[in-house]
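Undergrad: Structure of the sequence below:
(2 chains)
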Amino acid sequence: MSQQTRFKRSRLKPASFGDRVFDVMNYTLLIVLTLCCLYPLLHILFASVSNPTALMAHKGALLKPLGFTLDGYKLVFKDNSLLIGYRNTIIYVGLGTLVNMIMTIMGAFVLSRRDLYFKNFIMIMITITMFFGGGLIPWFLLMKDIGMYNNLWSMILPTALSTWNIIILRTSFQALPLELEEAATIDGASQANILVRVIIPLSKATLAVIFLYYLVGNWNSWFNAMVLLKDRNLFPLQLLMKEILVANDSTATTIGSAGGVVINSAQSATAFRELVKYCAIVVSTVPILCVYPFLQKYFVKGAFVGSIKG
Amino acid sequence: MEIIRKNRKVDSIVKTGKPKNTKSILKKDFKKNWFAYLLAIPVVAWFLIFCYGPMWGVLIAFKDYKPLLGFAQSDWVGFKHFVDFFQGPYFWRVVKNTLLLNVWGIVFGFTAPIILALMLNEVRDGKFKKSIQTITYMPHFISLVVVAGIIHIFTADEGVVTQILQLITGKDYTSLLGYSSFFRPIYTFSGIWQSVGWSSIIYLAAMSSIDPALYEAAEIDGIGRVKKMWYITLPQIAPTIVILFIFAIGGLMASGHEKIILLYNPLTYDTADVIASYVYRRGLREASLSFSTAVGLFSAVINFALLWITNKIAKRTSEVSLW
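TA: Okay, the predicted model is just below:
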């Protein structure tokens, strides 16, 4: 096998018997683990295009779709509340991530100034919030008092900053050579100029990583929405997904029985409701899964900077 | 947190050039850094309002807070709510569940990514390694709601996991989320499923910076793969492990309420209800605002104490610490 030859070339000595056994076990375990990670996603995907009645009757694992139909997706895209949820999520993610990035860059810039008199004071003030907080109820009461309840801003401002991301970005700003800034200052650049023309372009990789963190966080967030939003027209996709999938609330969705597909019996209505679950998962998850391959190359750098240097 | 401190030298060089008088320092500072201070205003304001504001609100734990009366008008009751909680029937249940779920999380959830990273580190084939990583990262990007949905689907009466369990044990199970004895395994292992790949990145990054000369020397000595892992790789990434462990302990009492709220139900409260979910239910669902604030404050205090103790131990034993 080509893998085996590659091993041998990279080593000083040929692989011993024990090492070969190790390799076989290692590869096998890794493949099993990878399949475990992949399978649930495939299952959802297969189920989402399966014939709903066949799906209802099926037990256990799905290794391929049972028949083929796009009716579930048709229902999902005809459902008004889900479309509104999609729109809301896009607004919250777009606006929220923009605010996140601007605020984080500002915070990181301030903390990366080496000669700022109040730098340590601000740093301590920010770090404390990583270990102490008021807790859910005082936070909720305050949000209500300051008008962060049941409007667009309740999804944007309370999550405008993450201390952790400020610190990640600050570390990256600080790692830039001081000479660059000095040269720019000599050339007559103001601090604003330095930030926009020197620091930000040189920190693209870290910016990409925290952009991804915020983007994924905003796309997937539901708890704040559940606590802070009352008006269904403001609900983000994930909160609607909670109603469809988890249905601890009595407000479970009625999508399965609506829409353009004619459903005859009560049993097939249930079947379609099941099908819609799978389609809704795919529709709400695929966009965010599409983002990450583009940013994957920055992960290692970002994770490393974030966790070790502090 | 300060393992790598390369930039500190620069700080001291700049600082020595400053004049002594505070007033003139400030004047000079504002003149030079007015732009930075301008940017600091919204950031500091955000922290004051959204982080420090709620800290002030914690005082309602010592009051009998009535929304209609407001903060100032409500009566002080001292430690009444704390006493109510300690003497209440759910105190031990939520404390025990919080601790146990986190012990499970540390025993299985914390070690899993380390093991995965060690295994991946032994893979020489770049493409194979990359595809494994790409696939194992994926669940990290799926929202908690959808993950909970998948768990609900897989552990339903006809779900894959239920079916497999029936095959193995020969018993007939209905929806697994209805059994309180299954809650901890489901919670823990679904957590591993979601985060093992992602969490292993940091260890892999730490491993990539190990000096290859160490391995070469070991190879000359004829040491096998497993021993290399044990005697070289693991000790080399130990500082990373310690730091992440401190964080894990620090989050012990505070973790996971979102997922628990998505997965638990009255049938499984006796193993699933943790402090955070109890705070949520009592506070926001049943409007016992002061009581649940007191419960939250209790867990925050314990949490910080744990963090402090772990940090102290880490400092003594491994010279790695947060502060």
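Undergrad: which residue sits closest to the residue of the stretch 201-323 of chain B found nearest chain A, ignoring its sequence neighbours?
TA: Taking C-beta to the nearest C-beta as the measure, the point where the stretch 201-323 of chain B comes nearest chain A is residue B:296, at 3.3 Å. For glycine as for every other residue, the C-beta is placed from the backbone atoms N, C-alpha and C. Residue nearest to residue B:296 in three dimensions, not counting chain neighbours: residue A:135, with 3.3 Å by C-beta to C-beta, 6 or more residues apart in numbering or on different chains.
Undergrad: returning to what we had before: can you pull the buried residues of the strand or helix carrying the residue of the stretch 201-323 of chain B closest to chain A?
TA: Assigned by DSSP states H and E, residue B:296 belongs to helix B:289-318. Residues of helix B:289-318 classed as buried: B:289-300, B:302-303, B:306-307, B:310-311, B:314 (neighbour count, 16 or more other C-beta atoms under 10 Å in any protein chain shown).
Undergrad: Please apply the same query to stretch B:231-238.
TA: So, applying 16+ other C-beta under 10 Å, buried residues of stretch B:231-238: B:232, B:233, B:237.
Undergrad: how far does it sit from the chain's center?
TA: Offset of stretch B:231-238 from its chain centre (C-alpha atoms, centre = their mean, to the nearest Å): 23 Å.
Undergrad: Neighbours of the residue in chain A that chain B sits nearest to, how many?
TA: Residue of chain A nearest chain B, by C-beta to the nearest C-beta: residue A:134 (2.5 Å). By the criterion of other C-beta atoms under 10 Å in any protein chain shown, residue A:134 has 26 neighbours.
Undergrad: Now it: closest residue in space, sequence neighbours ignored.
TA: Leaving aside its sequence neighbours, residue A:134 sits nearest to residue B:54 (C-beta to C-beta, 6+ apart; 2.5 Å).
Undergrad: count of neighbours near that neighbour?
TA: 23.
Undergrad: dump the residue contacts of the residue of the stretch 101-250 of chain B found nearest chain A.
TA: Here the residue of the stretch 101-250 of chain B nearest chain A is residue B:149; by C-beta to the nearest C-beta that distance is 3.0 Å. Residue B:149 makes contact with A:241, A:244, A:245, A:246, A:277, A:281, according to C-beta atoms under 8 Å, 6 or more residues apart in numbering or on different chains.
Undergrad: and it, what element?
TA: Using DSSP H and E, residue B:149 falls within helix B:144-154.
Undergrad: Check residue A:277 too.
TA: Applying DSSP H and E as the criterion places residue A:277 in helix A:266-295.
Undergrad: helices or strands up against that helix?
TA: If you count contacts as 3 or more C-beta pairs under 8 Å, 6 or more residues apart in numbering or on different chains; DSSP states H and E, helix A:266-295 packs onto helix A:17-48, helix A:52-57, helix A:71-78, helix A:204-220, helix A:237-245, helix B:144-154.
Undergrad: quick one: is the fourth one near chain B?
TA: Okay, so that is helix A:204-220. Yes: residues of helix A:204-220 contacting chain B under C-beta under 8 Å from any C-beta of the partner chain: A:216, A:219, A:220.
Undergrad: May I see those organised as TSV, with distance to residue A:204 and pLDDT added?
TA: Below are the residues of helix A:204-220 next to chain B laid out as TSV (distance: C-beta to C-beta, whole Å; pLDDT from 0 to 100):
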residue	distance to residue A:204	pLDDT
A:216	18	91
A:219	22	95
A:220	24	93
